[in-house]
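K.L.:
below is the structure, and that's it, no one-letter string:
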């Protein structure tokens, strides 16, 4: 449960943000609860954290990324802490960045540059506390196979799932682990990455698969998708980063399959989840074709 409304006025006591005029719900981000805070000093995002460790982890990540200007500033409290505790819950406050709607055109070169800088900054972040993978594919698949209905869809995705489970990729640095378009701000001042609640040690190609899956226009002509992927590559291949097409393809499969299994686990097998799985199975083949020509 988010902060009690009676405590909203306490924000001004904890943070140097002036008088709070309005607090409203936000839908940006997937792994945290957030509120827009409008004050006499400006606009901010108040985010509920899982625990104290996340508060410190997110601030440490922000400080590593601060020189590159690719994530919103985390505001320190009046006590110089990167988070506060209210009602036995933890929160941090970030400066608000005005962004375009998600459906707006994306500069794939700039997007690639931003993700490149993130991975570069996180290579040697040994002091960062990594999170547990909440969507372990093997564990979710074990649960889904126990469902009593939907044999046809389970059988249809079995081979892709088992293949994805078999992948073994080098964990060469800390990754965002939920780098979908929902955790990207596309603003006039650049592209920003938000919500580090899933950060853990992993393979950077997993992040690449996540962001490309959620930003490529699947309804566009294949040539358009190939051009978008090439522009992303051009932006990403900086700062000593590289892309292995085979590993990217495998991580794309892993990301898509995890999405299918997680959806079935959460919502069960029904017409809607079957339609989602069939769509993703089609996209697996689409991306295989795109990556071969990019």
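P.N.:
Here it is on my side, so go on. Just so it is clear, the model here is predicted, and its values are computed rather than measured.

K.L.:
contacts, neighbours, all on C-alpha from now
P.N.:
Noted.

K.L.:
neighbours of residue 119, just the number please.
P.N.:
23 (other CA atoms under 10 Å).

K.L.:
actually residue 71, sorry about that
P.N.:
25.

K.L.:
the one 10 residues further on too?
P.N.:
Around residue 81 sit 15 other residues, with neighbours defined as other CA under 10 Å.

K.L.:
so that it lines up with my notes, have the first residue be 26 from now on.
P.N.:
Happy to do that; since the first residue is 26 now, the last one works out to residue 106.

K.L.:
so is it in a helix, a strand, or just coil?
P.N.:
coil (DSSP: H, G, I helix; E, B strand; the rest coil).

K.L.:
where's it relative to residue 224, distance?
P.N.:
Distance of residue 106 to residue 224, given as CA to CA, to the nearest Å: 21 Å.

K.L.:
how about residue 79?
P.N.:
Distance from residue 79 to residue 224, by CA to CA: 10 Å.

K.L.:
what do you get for residue 115?
P.N.:
In terms of CA to CA, residue 115 sits 18 Å off from residue 224.

K.L.:
of these two, give the one with the bigger neighbour count.
P.N.:
Per other CA under 10 Å, whichever of residue 115 and residue 224 has more neighbours is residue 224, with 23 against 20.

K.L.:
let me see the confidence value for the residue nearest to the more buried one when sequence neighbours are not counted.
P.N.:
Of all residues not flanking residue 224 in the chain, residue 201 sits nearest, at 4.6 Å (CA to CA, 6 or more residues apart in numbering). pLDDT recorded at residue 201 is 96.

K.L.:
what does the one 5 residues further on give?
P.N.:
Here the pLDDT value assigned to residue 206 is 94.

K.L.:
what does residue 51 give?
P.N.:
74.

K.L.:
quick check, it in contact with residue 69.
P.N.:
No: in this structure residue 51 lies outside contact range of residue 69 using CA atoms under 8 Å: 11.2 Å.

K.L.:
who touches both of these two?
P.N.:
residue 61 (CA atoms under 8 Å, 6 or more residues apart in numbering).

K.L.:
the more surrounded of these two?
P.N.:
The neighbour count for residue 51 versus residue 69, taken as other CA under 10 Å, is higher for residue 69 (22 against 14).

K.L.:
who are the contact partners of the more buried one?
P.N.:
Per CA under 8 Å, 6+ apart, neighbours of residue 69: 61, 62, 63, 118, 119, 120, 121.

K.L.:
let me see the contact set for the second one.
P.N.:
Contacts for residue 62 (CA under 8 Å, 6+ apart) come out as 45, 46, 47, 48, 49, 68, 69, 70, 71.

K.L.:
so the last one is in which element?
P.N.:
Secondary structure assigned from DSSP states H and E places residue 71 in strand 67-74.

K.L.:
state the mean pLDDT of that strand.
P.N.:
93.

K.L.:
how about residues contacting the very next helix or strand once past that strand?
P.N.:
Per DSSP H and E, the first helix or strand lying C-terminal to strand 67-74 is helix 77-90. Residues from elsewhere that reach helix 77-90, judged by CA under 8 Å, 6+ apart: 74, 96-99, 107-108, 115-117, 143, 146-147, 153-154, 221-222.

K.L.:
list the buried residues in helix 77-90.
P.N.:
79, 80, 81, 82, 83, 84, 85, 86, 87, 90 (16 or more other CA atoms under 10 Å).

K.L.:
can you put these in TSV and add distance to residue 196?
P.N.:
Listed next are the buried residues of helix 77-90 as TSV, based on distance: CA to CA, whole Å:
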residue	distance to residue 196
79	21
80	24
81	22
82	19
83	20
84	23
85	20
86	18
87	21
90	20
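
K.L.:
I'd like those residues as TSV, with pLDDT and distance to residue 162 appended.
P.N.:
Output for the buried residues of helix 77-90, formatted as TSV (pLDDT from 0 to 100; distance: CA to CA, whole Å):
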residue	pLDDT	distance to residue 162
79	91	23
80	93	27
81	92	28
82	92	25
83	94	25
84	95	29
85	94	28
86	95	26
87	96	29
90	96	30
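
K.L.:
could you check how far stretch 207-215 is from the centre of its chain?
P.N.:
13 Å (CA atoms, centre = their mean, to the nearest Å).
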